[in-house]
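>>> Following is a predicted model, sequence given first.
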Amino acid sequence: MTESLRRGDGFAGRADAVYETLIRAHHSLSDEDSAALNARLVLILAHEVGDPEALAQAIALARRSLGPAGPDRAAP
Amino acid sequence: MTSRPRFASTPSPEAGDRRPVVVIGAGPVGLTCAIDLATRGVPVVVLDDDDTVATGSRAICWAKRTLEIWDRLGVGQRMVDKGVTWSVGRVFHGDQELYRFDLLPETGHRRPAFINLQQYYVEQYLIERAADFPDLIGLRWKHEVTGLTRTAEGVRLDVATPEGAYALDAEWVLAADGARSATRTRMGLPFPGQRFEERFLIADVRMKADFPTERLFWFEPTFHAGQSALLHRQPDDVFRIDFQLGPEADPDLERMPERVMPRVKAVVGDQTPVTLEWCSVYSFRCARLERFVHGRVVFVGDSAHVVSPFGARGGNGGIQDADNLCWKLALVLRGEAPESLIATYDEERGHAADENILNSSRTTNFMTPKTRAERYLRDGVLALAAEAPFARMLLNAGRLSRPCSLAGLSLQTPDPAPQRDGPRPGDVCVDAPVVDGSGRAGWLLDSLDGSFTLLVFAGAEAPDPGRFSGLPPGLRCVVVAERPLTLAGAEVLLDTEGVAGLRYVAESGVAYLIRPDAHVAARFTEVDGQQVAEALARACGRSGTSVQEAA
């Protein structure tokens, strides 16, 4: 169910730097502003991905990762 | 509005009255059905429980396709003459304009993207047009249907009038009795769908104001504490302002003029004299009947499906219902098509209703975020839209009514192989300027007169008359040519501007079989009598490939 998602190292060896960038993006933001920032990042990155199938698989993976405690695991 | 016309109630007819078609409801959709059927020689009785046109302005935005349908019925020009024409929408966030869109950015079409016209004018003009068919259309005011029985031969209606009750037998009944359809209730038909809790205030105000003739939509407007507002200009210096109030708003309180007028003043300013014409507080749902055809009872317009007002898909969807149904009904009544053809009305307009409901629901969901996560995403789109063009595509302030494509449905003959651009089977025909045989400038869509038409693009060469000899007898043939020519049995139009050829991607010899509702039934790389005959039979439901009987 992750056929459209990238395999291997999509970060080309710079994973630590990417993670740090994401952390820093939230620096000094309130929880409210962080949530708003994340939503905007999702919109921008969804457009960069473009392919609705890849997006659907990314969402499915993210929801699965919430674990058995996550409600309604199979959806959407 | 000024004064509404009152129509005299009709005396009860003699017993034993039997009619081919009875329409319940004299709203825009029912009246359009009656006129369409009359143009096809089918006698119609229209029953309405009231004796006047719509109260308040209700539907106001009439789309290009609707105007084209009314053109075919001889009433389009009157609507356009009175209506205000627009094609541009602007979307604001607060006091910042995010973007503008043009719904018809090219010339070479007879009709604009939209006109705004109060529903009471629309009904009045349709009623006056119906009067041109005194032998075929009977409008019966103050005739209320009180009972409906399905019989072996059709439907028996019990009708109450001020002068007494009577029974009316119909071969077919068209239920055009609106969103609260009594016919639907009477037949016990469920109307499943999604109800939206959000409340909206509509205020129609009369004022001299210099707002542009454009659709103006605000998210989080500076003049209104609610989530959104929408403004439309109508004729007679009337403006429709739609305020989103939130789910908690008290309808009885909010429709009081002393509550409404401050909201209006906040939009138009204190200096502008303004009078309140009409207001109401509404919420809405998106819902549809599972099937639109129940034996000999056919549901059209709001009785069959309802949507939110954002997108103007209610009234315009209903007019397309009428356009889709009436030619089929006329063919069936004349015995030229099997009754199963009516099932394709359900197939095609059910598909359209789903499309309208999908679009309308998505708009509503965008306008009314229901969770914090939805709000973050919605606000994110608004915040990004001014700078990032991609976000404007996500921004949903209404996806405005466009004609539904019927591609892939059972009456259409698919292209044998993937083909060039241009209208595909199922698409509605696009307009183009043409010149007729007598040198008069006109429009391609006006040459489609409501019958099946083979539209042939001749290019620069005169077509081989031999190709036309094998066509089905009686099929109308219109040839679009680049230079004058004559062809026996065909009407010739000149594509002097080359626009028609461009829009139909017409290499020499290309032909389109056009349905009576101006949708493409099939297209051909060259005229071939056998292929055209097969496509015509299929489009009339006379081949074995039609959908199953819906009832």
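Great, that's in hand.

>>> show me the contacts for B:N324.
B:345, B:348-349, B:517 (C-beta atoms under 8 Å, 6 or more residues apart in numbering or on different chains). To be clear about C-beta, it is placed using only N, CA and C from the backbone, and glycine gets the same treatment.

>>> per-residue pLDDT, whatever residue of chain A ends up closest to chain B?
In chain A, the residue that lies nearest chain B is A:A39 (3.6 Å; C-beta to the nearest C-beta). You'll see A:A39 listed with a pLDDT of 98.

>>> May I ask you to confirm that it belongs to a strand?
No. Using DSSP: H, G, I helix; E, B strand; the rest coil, the assignment for A:A39 is helix, not a strand.

>>> check which helix or strand covers the closest residue in space to it that isn't next to it in sequence.
Leaving aside its sequence neighbours, A:A39 sits nearest to B:Y376 (C-beta to C-beta, 6 or more residues apart in numbering or on different chains; 3.6 Å). Secondary structure assignment for B:Y376, by DSSP states H and E: helix B:372-385.

>>> list the helices and strands that helix packs on?
helix A:31-49, strand B:88-93, strand B:96-102, helix B:341-367, helix B:389-394 (3 or more C-beta pairs under 8 Å, 6 or more residues apart in numbering or on different chains; DSSP states H and E).

>>> Just among the contacts of B:N324, which is most surrounded?
Neighbour counts for the contacts of B:N324, by other C-beta atoms under 10 Å in any protein chain shown, peak at B:R349, which reaches 30 neighbours.

>>> what's the burial count for residue 32?
I'll assume chain A. 10.

>>> wrong chain, I was asking about chain B
Neighbours around B:T32, by other C-beta under 10 Å: 30.

>>> ditto for B:L409
B:L409: 16 neighbours (other C-beta under 10 Å).

>>> any idea how far it lies from chain A?
24 Å (C-beta to the nearest C-beta, to the nearest Å).

>>> now whatever residue of the stretch 151-300 of chain B ends up closest to chain A: how far from B:M367?
Residue nearest to chain A within the stretch 151-300 of chain B (C-beta to the nearest C-beta): B:E220, separated by 14.6 Å. Distance, B:E220 to B:M367, using C-beta to C-beta, to the nearest Å: 11 Å.

>>> between those two, which one's more packed in?
B:M367 (22 against 17).

>>> The more buried one contacts B:F310, doesn't it?
Yes. Taking C-beta atoms under 8 Å as the definition, B:M367 is a contact partner of B:F310 at 7.1 Å.

>>> just curious, which of the contacts of B:N324 is nearest to chain A?
Nearest to chain A out of the contacts of B:N324 is B:E348 (C-beta to the nearest C-beta; 26.6 Å).

>>> correct me, but that closest one touches B:G408?
No. With contact defined as C-beta under 8 Å, B:E348 and B:G408 do not form a contacting pair (10.7 Å).

>>> Packed most tightly, which of the helices and strands packed on helix B:372-385 would that be?
Between these, helix B:341-367 has the highest mean count of neighbours, a mean of 21, where neighbours are mean count of other C-beta atoms under 10 Å in any protein chain shown.
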